[in-house]
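Peer 1: below are the sequence and a predicted model; questions follow.
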Amino acid sequence: MEGEVQQIPRICKTDKKSEEFQIDSVLYTMGETADKVVKLFPTENTKTYKDIMTELGKYFQPRSNIAHSIVKFNSRDQLAEESNEAYIREPNVLVGRCKFESQADNNMKYRLLTGIKDKELSLDLQQLPDEELTLDRVVSRMRG
């Protein structure tokens with residue numbers, strides 16, 4: 001978003017104009033919503049064009065809901081008609097949104113073991129010693 005916001009003056013051809021003209025042009029181009037949003041910012045953050053653009057960038061920056069991502073990840077079981085490969089991919093995407101950091105592989109491993117529809121394979125893998133039960137091993141057995 002930040003790079004896109006910085007392109008606005010060039011796109012609007014206002015980069016060589018006065019700061020006031022730049023502000024007015026951007027707000028006009030963005031429409032009524034931009035005016036309403038700028039009024040929400042603290043006054044000290046709206047003194048210059050750069051301040052306004054920084055605040056708009058922060059305001060429109062996509063936010064993530066980590067709690068929702070974790071719940072979605074932890075409740076993701078393999079669907080009845082879903083292949084093992086497709087099931088491996090989906091939680092792998094979700095785990096990145098959960099901010100598990102150094103525990104991502106462990107969480108992924110246990111999610112696959114818990115959610116796989118082949119309960120016999122899951123039980124077989126659970127019998128392995130902890131040091132042998134790796135994410136790579138789980139994925140390899142699911143694919144094999």
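Peer 2: Received the coordinates, thanks.
Peer 1: got the domain ranges for the protein?
Peer 2: Domain assignment of the chain by automatic domain parsing yields the ranges 2-59, 66-143.
Peer 1: switch these over to JSON lines; also include mean neighbour count and mean pLDDT.
Peer 2: C-beta here means a position set from N, CA and C on the backbone, and glycine is covered the same way. As requested, these are exported to JSON lines (neighbours: other CB atoms under 10 Å; pLDDT from 0 to 100):
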{"stretch": "domain 2-59", "mean neighbour count": "13", "mean pLDDT": "77"}
{"stretch": "domain 66-143", "mean neighbour count": "14", "mean pLDDT": "95"}
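Peer 1: skip the chain neighbours and tell me the closest residue to the residue positioned nearest the centre of the chain.
Peer 2: Centroid check for the chain by CA atoms, centre = their mean gives residue 97 as the closest residue, at 5.1 Å. Of all residues not flanking residue 97 in the chain, residue 69 sits nearest, at 4.0 Å (CB to CB, 6 or more residues apart in numbering).
Peer 1: hmm, that neighbour is touching residue 100, no?
Peer 2: No. The pair residue 69 / residue 100 is not scored as a contact, 9.8 Å apart, by CB atoms under 8 Å.
Peer 1: packing partners of the lengthiest helix in the chain?
Peer 2: In the chain, taking DSSP state H as the definition, the longest helix is helix 84-97. Helices and strands touching helix 84-97, by 3 or more CB pairs under 8 Å, 6 or more residues apart in numbering; DSSP states H and E, are helix 66-74, helix 104-115, helix 135-143.
Peer 1: I'd like those as CSV, with distance to residue 39 appended.
Peer 2: CSV is the format used below for the helices and strands packed on helix 84-97 (distance: least, CB to CB, whole Å):
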stretch, distance to residue 39
helix 66-74, 29
helix 104-115, 41
helix 135-143, 49
